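Visitor: 3D, please:
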Amino acid sequence: MTHRIYLDQLTIEANARFFSDTSQVPQYALTMGIKAIMQAKKILLVVNGENKEEILYQALNGPLPRLYQLPLFSYIRMLPS
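Guide: As a prediction, the model looks like this:
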């Protein structure tokens with residue numbers, strides 16, 4: 001199930017630094033459940049920043065540091081391209 005969630009005040013404040021005016025900070029986000037993700041024909045993963053790019057690469061291609069291992073990524077690796 002995909003639905004809109006309202007962000008809590010701490011999340012809004014943490015992201016305010018990316019905007020010139022606090023009124024521009026998003027107040028909500030979209031979220032998806034595992035079922036919807038697993039039923040998708042394609043999944044697009046977007047990252048911003050060199051550190052995130054590396055960890056995403058490791059998550060999809062290994063080796064992945066134990067701290068970041070997730071069953072979903074293990075499953076995704078087994079799917080045909």
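Visitor: per-residue confidence for residue 64?
Guide: The per-residue pLDDT reported for residue 64 equals 66.
Visitor: Mind listing residues that contact the strand or helix carrying residue 3?
Guide: Per DSSP states H and E, residue 3 falls inside strand 2-6. With CB atoms under 8 Å, 6 or more residues apart in numbering as the test, strand 2-6 has contacts from 27, 28, 29, 30, 31, 32, 33, 36. Every C-beta, even on glycine, is put in place using the N, C-alpha and C of the backbone.
Visitor: now the fifth one: how far from residue 58?
Guide: In other words, residue 31. 24 Å (CB to CB, to the nearest Å).
Visitor: do the same with the fourth one
Guide: When CB to CB is applied, the distance between residue 30 and residue 58 equals 25 Å.
Visitor: One more: residue 39?
Guide: In terms of CB to CB, residue 39 sits 26 Å off from residue 58.
Visitor: Tell me which of those two has more neighbours.
Guide: Shown here are residue 39 and residue 58; by other CB atoms under 10 Å, residue 58 has more neighbours (15 against 8).
Visitor: ranges for the helices of the protein?
Guide: Assigned helices in the chain, in chain order: 9-15, 34-39, 50-61, 71-78 (criterion: DSSP state H).
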